[in-house]
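Undergrad: Got a predicted structure plus its sequence, pasted below:
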Amino acid sequence: MSEKIKVTCEMEITLKVIGGKWKPLILHYLQEEGPKRYNQILNFLESAPKKTLTNQLRELEEQEIIRRKVYPTTPVKVEYSVTKHGETLYPILEMMCEWGSQNEGDRYEVTNRQCCEE
């Protein structure tokens, strides 16, 4: 067994898993839309750098929050989906959407309203 990672408190564990500019949006998109390919996720996020998206998908996969399924086709087809373990984060993501909606004010312009719609 590998050495445990020391954390200050339980909240830090959650932040280690979903911390990162794009991780909550990736999870929310996969939650709402189901399995998606890399380019579909990239198109949804619009301004996410490819390298950053690749790294964050890899981290979510390593933490068993998402699954990467490779289909034996030519060209190779890869899809990402949320695991059962990842589904346990849904209530947190919903609360983040609600908080954002309530605190949008005049400071932010939401470009994708359906992102947090029920």
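TA: Everything's here; your move.
Undergrad: which residues in this structure form helices?
TA: Counting by DSSP state H, the chain has helices at residues 10-18, 23-33, 38-45, 50-62, 84-87, 90-102.
Undergrad: which of these is buried the deepest?
TA: Among the helices of the chain, ranked by average contacts under mean count of other C-beta atoms under 10 Å, first place goes to helix 23-33 (a mean of 19). Placement of C-beta: from N, CA and C, glycine included.
Undergrad: pull the CA atoms of it into CSV?
TA: Output of helix 23-33 as CSV, limited to C-alpha atoms (Å, rounded to 0.1, in the frame of the first residue of the first chain):
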residue,chain,number,x,y,z
LYS,A,23,-12.7,19.8,-13.1
PRO,A,24,-16.1,20.8,-11.7
LEU,A,25,-17.3,21.9,-15.2
ILE,A,26,-16.0,18.6,-16.7
LEU,A,27,-17.9,16.6,-14.1
HIS,A,28,-21.1,18.7,-14.4
TYR,A,29,-21.0,18.4,-18.2
LEU,A,30,-20.5,14.6,-18.1
GLN,A,31,-23.3,14.4,-15.4
GLU,A,32,-25.8,16.3,-17.6
GLU,A,33,-24.8,15.0,-21.0
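Undergrad: quick one: contacts of that helix?
TA: Counting contacts by C-beta atoms under 8 Å, 6 or more residues apart in numbering, the residues outside helix 23-33 that touch it are 17-18, 36, 41, 44-45, 53, 56-57, 59-60, 65-66, 80-82, 86-87, 89-90, 93, 96-97, 115-116.
Undergrad: at 10 Å instead, please
TA: Judged by C-beta atoms under 10 Å, 6 or more residues apart in numbering, the contacts made with helix 23-33 from elsewhere in the structure are 17-18, 20, 22, 36, 40-41, 44-45, 48, 53, 56-57, 59-60, 63, 65-67, 79-82, 86-87, 89-90, 92-94, 96-97, 112, 114-117.
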